[in-house]
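K.L.:
What follows is a predicted structure for the sequence shown.
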Amino acid sequence: MNFSEPFEAWWLSLDRDLRKVVAAHIGLLREYGPRLGRPYADTLKGSKVGNLKELRIPYKGQPYRVLYAFDPNREALLLLGGNKAGDKRWYQKMIPLAERIYMQHLQQLEGDDGKL
């Protein structure tokens, strides 16, 4: 499992209790991989990346999300995290950013070893 710099920055900003809850959901993703489904994960609609998904993390009544995708090597890449509460445009803002991060990851894979 890999993670982007924006995801790492978000992770480091979390308080200890929320970090534990997010870590538990990431553990489910690690265990079940692409088979992880609702209520823990869901595919995002409106993305150019067909396999862009989200971890759905309820915490103290707040809807936290971690956007992720599996790369061609079948490694999960945690792209972004955030709390979508009160932001009706959260997905409209975050999906394009997640897509850019994912595409940069794919370019890096090509450059590192020439294989996808």
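P.N.:
Received it, and whenever you're ready, just let me know what you need. All values reported here derive from a predicted model rather than from experimental measurement.

K.L.:
Give me the distance from the lengthiest helix in the chain to the chain's centre.
P.N.:
Ranked by residue count and defined by DSSP state H, the top helix of the chain is helix 90-113. Its chain's C-alpha centre and that of helix 90-113 lie 11 Å apart, by Cα atoms, centre = their mean, to the nearest Å.

K.L.:
tell me which element K88 falls in.
P.N.:
If you go by DSSP states H and E, K88 is not part of any helix or strand.

K.L.:
For it, the count of nearby residues, please.
P.N.:
K88: 7 surrounding residues under other Cβ atoms under 10 Å. The way it works is simple: take the backbone N, C-alpha and C, and place the C-beta from them, glycine included.

K.L.:
returning to what we had before: who touches the longest helix of the chain?
P.N.:
The list of residues contacting helix 90-113 from outside it, by Cβ atoms under 8 Å, 6 or more residues apart in numbering, reads 2, 4, 6, 44, 46-49, 52, 65, 67, 69, 71-73, 77, 79-80, 82, 84, 87, 115-116.

K.L.:
what's K60 in contact with, if anything?
P.N.:
Here K60 is in contact with no residue (Cβ under 8 Å, 6+ apart).

K.L.:
Dihedrals phi and psi, it?
P.N.:
Main-chain dihedrals, K60, degrees, to the nearest 10: phi 50, psi 40.

K.L.:
circling back to that earlier point, filter the contacts of helix 90-113 down to just the buried residues.
P.N.:
Buried by 16 or more other Cβ atoms under 10 Å: 4, 6, 44, 47, 49, 52, 65, 67, 69, 71, 77, 79-80, 82, 84, out of the contacts of helix 90-113.

K.L.:
Quick check: the two most widely separated of those residues?
P.N.:
D71 and K84 (24.4 Å; Cβ to Cβ).

K.L.:
K48 - nearest residue in space that isn't next to it in sequence?
P.N.:
E99 (5.7 Å; Cβ to Cβ, 6 or more residues apart in numbering).

K.L.:
gap between that neighbour and R65?
P.N.:
Distance, E99 to R65, using Cβ to Cβ, to the nearest Å: 15 Å.
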